[in-house]
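> Structure for the following, please:
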Amino acid sequence: MTKNKFVQALNFLSFNLGSVKPITGPFKLQMELTHRCNSRCPTCGFWQEKKHDEDMSTEECLQIIREAAKINVFRISFTGGEPLLRKDLFQLVRFAKQQGLKVNINTNALLLWHYHEKIIASGVDSLAISLDAPIAKIHDKNRGLEGAFEKTIKGIKKIIAYEERPKILICMTLNKNNCRYILAMVNFCKKLGIDYLAFEPAHSINEYWNCPDEMKMSSNDISEMEKQMELAIEEGNQIVVPPFSYYRQFGKFLKQPEYLRKFRATAGYFFATITANGDLYSSPVIEKKIGNLKKDSLINLFFSKKFMNERKRIKSGKHLIHWFNSTGPFDMSMYHLRRIHLKEIFNIVKSKRY
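Now for the predicted structure:
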């Protein structure tokens, strides 16, 4: 077992004993390299931003990666916006790998076909790709861009053709347009040769995460989604990523989001987000700013009194409710560990999600 795995395991134990003081850095660090994006998703506000001249420089990103390695961060996820729009992305990936980190790129895959050789050469461990339906018309509508499906699939096939390649995780954001195609997506991904498939419900939280009324699921839609999800878990358990209990909370999240406060949120403890301009937050929700990494270090801010108070606030349940695929599964995993739910724990370990 590597040092960072061992220390993170001790951190899991500390969290499950009720601590709000992590003994090491976050398990996963999400770095939004830019809010520029070549998609036009109606549910996302990043691409609508007009100002991008405050994006972190290459050296500022490299310094964050150095510090992340020092505090035993296990995985770093480069996201956006669209990270493939950053010319230094592959330099950052290679450097993070040299520092001993697991590296993921979150992408809409529109440029995957163009950069497939550089992606393979970078040594990135995984690609999390947004794909919202096995049908071009629906995916393109959800992404606000005609031809998006064709480009995305073209890029995926380029990566899959390599014998040694990063793992591919397809992320399907569920809404009124696609909630009846969950099982079809499972079968589509199996045929395509995808490694993993995950889902998350479209959110309405703030200006960055806002599902338009016409895309919100009705009660009938939610019922159909829940039926489809059970079939997907049953028939797609080889590629649908556990914990399955995370998906089974979707209906409750959409109808009674306050119910999810029963699960202690891991944001700020195992997870932290850095926005494109260097601001540090506990989660992708971008709720309470801890500080800015252009002015202070990741180490100082993560272990600061201000971040400690933020963890106390989250533990008390006073945070905005969200159910993202980046954090929700971790919340459920810790819930199962605390209660020694052996079946769920076995499925999580077997899947090698973490």
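
> Return the lengthiest strand in the chain as CSV; C-alpha atoms alone will do.
When the chain is parsed with DSSP state E, its longest strand is strand 167-174. C-alpha atoms of strand 167-174 as CSV (Å, rounded to 0.1, in the frame of the first residue of the first chain):
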residue,chain,number,x,y,z
LYS,A,167,-10.2,4.1,-18.3
ILE,A,168,-13.3,5.7,-19.7
LEU,A,169,-16.2,6.7,-17.4
ILE,A,170,-19.3,7.9,-19.1
CYS,A,171,-21.3,10.4,-17.1
MET,A,172,-25.0,10.8,-18.0
THR,A,173,-26.8,13.8,-16.5
LEU,A,174,-30.5,12.9,-16.1
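
> so how far is L131 from the nearest residue to I160 once chain neighbours are set aside?
Spatially, and ignoring its direct neighbours in sequence, I160 is nearest to G193 (5.0 Å; C-beta to C-beta, 6 or more residues apart in numbering). Quick note: C-beta positions are derived from backbone N, CA and C, even for glycine. Applying C-beta to C-beta, to the nearest Å, the value for G193 to L131 is 13 Å.

> Compare those two (neighbour count), which wins?
L131 (26 against 13; other C-beta atoms under 10 Å).

> Might one say that that one is in contact with C171?
Yes. L131 is within contact range of C171, at 7.3 Å (criterion: C-beta atoms under 8 Å).

> So what's the gap between stretch 41-50 and the chain middle?
The chain centre lies 17 Å from the centre of stretch 41-50; the measure is C-alpha atoms, centre = their mean, to the nearest Å.

> Tell me which residues are up against it.
Outside stretch 41-50, the residues within contact range by C-beta atoms under 8 Å, 6 or more residues apart in numbering are 35-37, 39-40, 80-81, 142-144, 173, 175, 202-203, 207-212, 215.

> do stretch 144-153 as well
Applying C-beta under 8 Å, 6+ apart, the set of residues contacting stretch 144-153 from outside is 38-42, 108-110, 112-113, 129-131, 133, 135-137, 139-140, 192.

> at 6 Å instead, please
For stretch 144-153, the surrounding residues in contact (C-beta atoms under 6 Å, 6 or more residues apart in numbering) are 39-42, 109-110, 131, 136, 139-140.

> With stretch 301-321 instead?
With C-beta under 6 Å, 6+ apart, stretch 301-321 has contacts from 20, 205, 257, 260-261, 265, 267-269, 280, 282, 285, 287-288, 290-291.

> circling back: I would like a PyMOL command selecting only the buried ones among the contacts of stretch 41-50, please.
Selecting the buried subset of the contacts of stretch 41-50 in PyMOL, with 16 or more other C-beta atoms under 10 Å as the burial test, is done by:
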select buried, resi 35+36+37+39+80+81+142+143+173+175+202+203+208+209+211+215
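
> Okay, and which of the contacts of stretch 41-50 map to strands?
Short answer: the contacts of stretch 41-50 in strands (DSSP E) are T173.

> Can you show me the strands along the chain?
Ranges of strands in the chain, per DSSP E, are 28-32, 75-79, 102-107, 126-130, 167-174, 196-201, 271-274, 279-281, 291-292.

> Return the list of helices and strands in contact with the fourth one.
I take that to be strand 126-130. Helices and strands touching strand 126-130, as assessed by 3 or more C-beta pairs under 6 Å, 6 or more residues apart in numbering; DSSP states H and E, comprise strand 102-107, strand 167-174.

> Can you add mean pLDDT and distance to M185 and give these back as JSON lines?
Output for the helices and strands packed on strand 126-130, formatted as JSON lines (pLDDT from 0 to 100; distance: least, C-beta to C-beta, whole Å):
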{"stretch": "strand 102-107", "mean pLDDT": "98", "distance to M185": "18"}
{"stretch": "strand 167-174", "mean pLDDT": "97", "distance to M185": "6"}
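
> In TSV: the ones you listed, plus distance to T24.
Output for the helices and strands packed on strand 126-130, formatted as TSV (distance: least, C-beta to C-beta, whole Å):
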stretch	distance to T24
strand 102-107	15
strand 167-174	25
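
> helices or strands up against the longest strand of the chain?
Using 3+ C-beta pairs under 6 Å, 6+ apart: strand 167-174 touches strand 126-130, strand 196-201.

> pLDDT averaged over the shortest one - what is it?
What that stands for is strand 126-130. What strand 126-130 shows for mean pLDDT is 97.
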